[in-house]
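Student: Sequence isn't available, so here's the structure alone:
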C-alpha cells in the first residue's frame, strides 16, 4: 500500500474523482423510445490469451526541448502547432497507444500559461514571449478525445541551457534567485540541496495539477547532472549548511529523495487520481558497486547522478517507475533482458507499477549492429510481455514513432498492439467503476448510448460468432476505446459496451446487436 495514501470509501471516491468536465446527468427520459439494450450475461470462463492483454500502458514521449518532437520548429503559428500535434496523436492512436508523456517544462520554463516561470522559447523562438494562446488545454483535450492519458513531463532541476542568469528573461526564477543555481558544463542548474529549490519545483508542479486536467506528473532521468569531464558541481556551501555530517553522495541522494517524496505528497493532496512517476536511467547500480545491483557494467545512476530508484520504490513515493532501457538484447555492458528482469524483481511485492522506456530512437543506429535488425524493438516488447511485473512500455520519441525506422513499429503493432488495451489499475489512486451505459441502441451500423456519470470513456467489444464472451479476461474482442457515447461498427454482429472512469475502472457490459 502506498505510504501516506488513504483509501477512501467507494462512494466517496465516486464523488471525489468525478470532475465537472465529466459529470453527466441521469439518463434522459424517453419513455416511448424503443431500446435494444440487453444486460449482458456473466461471461463464461475464458483462458486469458497472452497475445491480447486486457490492460497495458502504451505510451510515447513528446519532447519539446530543442524542438525535438513538438513544436517541430519555434515560431510557428498556433494553427500549425496544433496540426502537428494532432498528427502525432493520430499516429499514436493508429498503433493503439493509450498514453502521451508531453514535456511541459524543459528548463524552468513553461509551455502553458504560468505566473511562476516564463514562456518557453520552444514555442515562439524567444524565451518569455507570450505565444498568444495557452497550448496545454488543447494538448490535454486532444489526448483525451483519443482515449489517451496525458502525463505532464517536468525536468525538475535544469534552469537553463546556458550558464548566464543575465541572459534569462526578466522575472525568471534563476535570475531572481541566482543563489539557487550552480553553473556546470556550460549550463545552469538549480541546486537540489536547497529547501527553497524543492519548494519552488513543488509549487510549479502543484500549480499545473491544480489548474489543468492532467492524468500524470512525470520526471525524466535528469537529477544531478550527468558527469562532465573536468567539471565540478559546486554545491559546497549548501553541503556545509545542510549536510549534517553525511557523506556528500549520501546527502545528494537524500536531497533527490526529499524532492520526490515532497512532490508525491503534493500531487496526491491536490488530486488523488493523478499519477506520479519517474523514468530513471536504466542502471540503478552494477554488481561491481553493489551485489544486489544488475549484472551490467554501465554508468550507475545511484553513484553518478544520485538517483536512487530503489529508495523511491521501497518508500512508495512513486506510482510507477519507467526505466530507460536503451540498449539492445545481448548488449555486452547492459543487456536488455537482464535489466528487465532486474527491474521486475525490484517492484515485486510493491504497488509501484513498472513500465519500460524503449529506445526507439536507436533503431537503425550503425554503432551497434543489433539496432540494424528490424525486429529488435518487437523482440524487446516480447521480453516485457514475458514478465508479469511489466505493465507496459513508452517509446522515445514521437518523431521516431512517426518515422517508423526499419518498419520496427509496424512489427510491434502487428505482433503486440493489434487490439487496444485498457490502462493498468492502481488501487491506491482511488476511483470506481461508473454505471453501465444506459439506453444503448443501434441505428444501422452506429451504436449509441447515454453518457454514464463518472465515465470519461467507453470500451466497445465485438463478441465473436461463436458467442464466447471473454471481455473480462483479455482484449481479444476489444475493438475501441472511445471518448464519446457512440461508435460506428465495421461489421454486423453482437457488441458489448462498458463505461470507464478516468483510471479505467470498468462497469458491467450492456449488449447491442447490429444487423
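Tutor: Received the coordinates, thanks. Quantities reported herein were computed from a predicted structural model and do not represent experimental measurements. Numbers count the residues shown, from 1 in each chain.

Student: show me where pLDDT drops low in this structure?
Tutor: 1-44 (pLDDT under 70).

Student: could you pull out the helices for the stretch 151-300 of the chain?
Tutor: 173-176, 195-211, 236-242, 248-270 (DSSP state H, counting those that start in this stretch).

Student: who's in contact with the longest one?
Tutor: By Cβ atoms under 8 Å, 6 or more residues apart in numbering, the residues outside helix 248-270 that reach it are 4-5, 156, 192-193, 198, 201-202, 205-206, 209-210, 217, 219, 223-224, 235, 239, 242-244, 246, 274, 276, 278, 302-303, 306-308, 311-312, 315, 317-318. From N, CA and C alone the C-beta is placed, and that goes for glycine too.

Student: Can you turn the buried part of those residues into a PyMOL selection?
Tutor: A single PyMOL command selects the buried members of these (16 or more other Cβ atoms under 10 Å):
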select buried, resi 5+156+192+193+198+201+202+205+206+209+217+219+223+224+235+239+243+274+276+278+302+303+306+307+308+311+312+315+317+318
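
Student: Of the helices of the stretch 151-300 of the chain, which is nearest residue 407?
Tutor: helix 195-211 (37.0 Å; Cβ to Cβ).

Student: How is this structure divided into domains?
Tutor: Listed by automatic domain parsing, the domain ranges of the chain are 33-49+431-514, 57-427.

Student: how close does residue 436 get to residue 383?
Tutor: For residue 436, the distance to residue 383 (Cβ to Cβ, to the nearest Å) stands at 37 Å.

Student: show me where the stretch 301-450 of the chain has strands.
Tutor: Secondary structure of the stretch 301-450 of the chain (DSSP state E, counting those that start in this stretch): strands at 320-321, 324-325, 353-358, 390-395, 438-443, 446-450.

Student: Output these as a markdown table; include the columns distance to residue 122.
Tutor: Below are the strands of the stretch 301-450 of the chain laid out as a markdown table (distance: least, Cβ to Cβ, whole Å):
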| stretch | distance to residue 122 |
| --- | --- |
| strand 320-321 | 26 |
| strand 324-325 | 22 |
| strand 353-358 | 22 |
| strand 390-395 | 21 |
| strand 438-443 | 45 |
| strand 446-450 | 41 |
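
Student: among those strands, which is nearest residue 131?
Tutor: strand 390-395 (27.1 Å).

Student: Need the phi and psi values for residue 107.
Tutor: Main-chain torsions, residue 107, degrees, to the nearest 10: phi -160, psi 70.

Student: Double-check it against residue 154; I have them as touching.
Tutor: No - using Cβ atoms under 8 Å, residue 107 makes no contact with residue 154, being 10.4 Å away.

Student: Of those two, which one has the most company?
Tutor: Just comparing residue 107 and residue 154: by other Cβ atoms under 10 Å the higher neighbour count belongs to residue 107, 25 against 21.

Student: Return the residues in contact with the more buried one.
Tutor: Contact partners of residue 107, counting by Cβ under 8 Å, 6+ apart, are 65, 155, 158-161.

Student: Not counting sequence-adjacent ones, nearest residue to it?
Tutor: Excluding the flanking residues, the one nearest residue 107 by Cβ to Cβ, 6 or more residues apart in numbering is residue 158, at 4.4 Å.

Student: show me what contacts that neighbour?
Tutor: Contacts for residue 158 (Cβ under 8 Å, 6+ apart) come out as 106-108, 187-190, 222.

Student: Can you add distance to residue 351 and give the residues you listed back as JSON lines?
Tutor: Below are the contacts of residue 158 laid out as JSON lines (distance: Cβ to Cβ, whole Å):
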{"residue": "106", "distance to residue 351": "31"}
{"residue": "107", "distance to residue 351": "33"}
{"residue": "108", "distance to residue 351": "32"}
{"residue": "187", "distance to residue 351": "36"}
{"residue": "188", "distance to residue 351": "37"}
{"residue": "189", "distance to residue 351": "32"}
{"residue": "190", "distance to residue 351": "31"}
{"residue": "222", "distance to residue 351": "26"}
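
Student: No further questions, thank you.
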